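Enquirer: need coordinates for the following:
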Amino acid sequence: MQALGRCRHRAFSALAAMTSPAVPLVNGVSRHVVAALVANTATTVAEITNLLCARGYNVDSIVVGRTSVPDLIRLSVVVHGSDHDVSMMQQQLHDVVQVAAVKILTTPDRAHALVERDLLLAKVSLQAYPQALMTVNRLVAQFNATVVDTSTTQTMVQLTASPTDVDAFLHALGPLGVLEVHRSGVVAMDKEQAVTDRTLNFAFDRHHPGDMDAVDSTMLPPGVDSELYGKVLKVNIAKSQNNERTQGNRAVWDQNLDDEQPEDSSNQQPDVPANAAATKPPAA
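Expert: The predicted structure follows:
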């Protein structure tokens, strides 16, 4: 029971510490969450990650997911840096042609204006002491987690919560012996009105790419301005043209292969002179 009490005290202390207001780290470096809508192409994610690595940003996690718009995917990036560094990162990402929109979700005046979720899977040992399983079940109930699987020596738990709550849960499980941990990374969404999948989808349906240069901003749904809409359309037009060029080059290549393919002579009869049947070899 003393061990159980220590674990519960450790859990409450960790939760209180982890959910306290965020403070800047050393030399003004703090944690930031950046969200982006980008074109769904084969090279987009690679180009963005290469850009972040080349600029030396301290990235904690990058999560990529599909949206309701087939041509767009959503990125959630957690990065540690100064406000100036993150602002520069936003500008550099915005200059990438495949990026439709970039927004910094964590700013000092909007500390509670976003929702963050992190998925945790963890294996915990049950061999620390006889009441280990009881302790795990209490912590699972306390943090609103779920037991996924249990054996005689270990148990697997799942928790979907804010990153601070996930950190506190792992901290509380520590004395039991955490055998394996996997976290999905942070997905985040702004509570305020922003560029959403639905509004972009509505914009695509109502405007033809050929009218891109004459988009009336008053006709677009809330959250989508004409500049952003034009940029997204340019990305998709470039993607469509690239696909057409690829298909055209493939068709030309196939045609060249057909032209160069030698004719099948297996079923052809050899050329026979017209008078071959009447010509007989001389008798021996």
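
Enquirer: need the contact list for the residue lying closest to P70 once chain neighbours are set aside.
Expert: Among residues not flanking P70 along the chain, N40 sits closest, at 6.7 Å (Cβ to Cβ, 6 or more residues apart in numbering). Heads up, the C-betas are built off the backbone N, CA and C, glycines and all. Shown in contact with N40 (Cβ atoms under 8 Å, 6 or more residues apart in numbering): 66, 70-73.

Enquirer: buried subset of those residues as a PyMOL selection?
Expert: In PyMOL, this line selects whichever of those come out buried by 16 or more other Cβ atoms under 10 Å:
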select buried, resi 71+72+73
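
Enquirer: any chance of the contacts of N40 in a markdown table, plus pLDDT, distance to A54 and secondary structure?
Expert: Shown next, in a markdown table, are these (pLDDT from 0 to 100; distance: Cβ to Cβ, whole Å; DSSP: H, G, I helix; E, B strand; the rest coil):
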| residue | pLDDT | distance to A54 | secondary structure |
| --- | --- | --- | --- |
| R66 | 90 | 26 | strand |
| P70 | 81 | 29 | coil |
| D71 | 82 | 26 | coil |
| L72 | 85 | 24 | strand |
| I73 | 90 | 21 | strand |
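
Enquirer: farthest-apart pair in the contacts of N40, please.
Expert: Taking Cβ to Cβ as the measure, those span a maximum distance of 10.6 Å, between R66 and D71.

Enquirer: quick one: L170 and E180 touch, right?
Expert: No. Applying Cβ atoms under 8 Å as the test, L170 and E180 come out as separate, 11.6 Å apart.

Enquirer: overlap in contacts of the two?
Expert: In contact with both L170 and E180: A122, using Cβ under 8 Å, 6+ apart.

Enquirer: more neighbours, these two?
Expert: Neighbour count, other Cβ atoms under 10 Å: between L170 and E180, L170 has more, with 18 against 10.

Enquirer: for the more buried one, grab phi and psi.
Expert: Main-chain dihedrals, L170, degrees, to the nearest 10: phi -60, psi -40.

Enquirer: check K191 too.
Expert: Dihedral angles of K191 (phi, psi; degrees, to the nearest 10) stand at phi -70, psi -30.

Enquirer: now it. Nearest residue, chain neighbours left out?
Expert: K191 sits nearest to A113 (Cβ to Cβ, 6+ apart), 5.3 Å away.

Enquirer: now that neighbour: how far from M189?
Expert: Distance, A113 to M189, by Cβ to Cβ, to the nearest Å: 10 Å.

Enquirer: who has more neighbours, these two?
Expert: The residue with more neighbours, out of A113 and M189, is M189; 16 against 12, by other Cβ under 10 Å.

Enquirer: ranges for the strands of the stretch 51-200 of the chain?
Expert: Ranges of strands within the stretch 51-200 of the chain are 58-66, 72-81, 99-104, 114-125, 146-150, 154-161, 178-190, based on DSSP state E, counting those that start in this stretch.

Enquirer: hmm, who's touching the shortest one?
Expert: Put plainly, it is strand 146-150. 121, 126, 133, 136-137, 140, 155-159.

Enquirer: that one to strand 114-125, inter-axis angle?
Expert: Inter-element angle recorded for strand 146-150 and strand 114-125: 30 degrees (by axes from the mean of the first three to the mean of the last three Cα atoms, to 10 degrees).
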